[in-house]
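Requesting a structural model of the entry that follows:
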Amino acid sequence: LQESIWGQLFDLAEERNIKKVFHLGDMVHARKAQPLEVLEHLVWVKRCLLDRGLDFTGICGNHDKVSLESFFAYPSLYDSNEFKIVDKTYSLSINDNLSVWFMSYFPETTTAPKILKEVSEMVDTNKINILCSHQGVNGGLSHDNATINKELPTEAFKVFNLTLLGHYHNA
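You can find the predicted model right below:
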């Protein structure tokens, strides 16, 4: 399944001449430990991206981390210039008018609001700003374990022109 999904991405990137790929977290599933085949799969993904000349930036999702408060995550093992893994925050200036901001997962009731505030304060509002993150938004999670008003309020993202979030596994 994973190889099929990545294969679709590679085909789409080639078809549309896309050179930058962003991943919004949860490159792995089990938080406690990863089987060798999962770690080898990440090596395969990185190799495929580099072979195709794709510049990759991925953020760490909650499933990528053993400790949700930690900056370190399994995909961080593979970080390089062409395969950038964001363990906290990162900004990428696309051109004079567009910046993309990246923020990895942190618990919404403790660390995430502080880090999001730090990022928001660095935003140049004269540009278009896109946030790529892996956070829950109040009312956005629709599974049985979702909590009401325990995620981030939508107002926390108001400085960004567009916010793209991983973390949502179901429609």
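
So in this protein, which helix runs the longest?
Counting residues, the longest helix in the chain under DSSP state H turns out to be helix 36-51.

so how far is that one from its chain's centroid?
17 Å (CA atoms, centre = their mean, to the nearest Å).

Over to residue 98: give its phi and psi.
Main-chain dihedrals, residue 98, degrees, to the nearest 10: phi -140, psi 130.

Just list the residues touching it, thanks.
127, 128, 129, 130 (CB atoms under 8 Å, 6 or more residues apart in numbering). Quick note: C-beta positions are derived from backbone N, CA and C, even for glycine.

Tell me the one among these nearest to residue 18.
residue 130 (15.5 Å; CB to CB).

Next, give phi and psi for that closest one.
Dihedral angles (degrees, to the nearest 10) for residue 130: phi -120, psi 130.

my read: it touches residue 161, true?
Yes: here residue 130 reaches residue 161: they are 6.5 Å apart, a contact under CB atoms under 8 Å.

more neighbours, the two?
residue 130 (18 against 14; other CB atoms under 10 Å).

show me where pLDDT drops low in the chain?
141-149, 170-171 (pLDDT under 70).

Please, which helix or strand holds the residue in it sticking out farthest from the centre?
The centre of the chain is farthest from one residue, residue 126, which by CA atoms, centre = their mean lies 24.3 Å away. Counting by DSSP states H and E, there is no helix or strand that carries residue 126.

give me phi/psi at it?
Main-chain torsions, residue 126, degrees, to the nearest 10: phi -80, psi 0.

and residue 90, what does it touch?
Residue 90 neighbours (CB under 8 Å, 6+ apart): 57, 84, 101, 102.

doesn't it fall inside a strand?
Yes: according to DSSP: H, G, I helix; E, B strand; the rest coil, residue 90 belongs to a strand.

re earlier: now do the buried residues in the longest helix of the chain.
Using 16 or more other CB atoms under 10 Å as the test for burial, helix 36-51 gives 41, 42, 45, 46, 48, 49.
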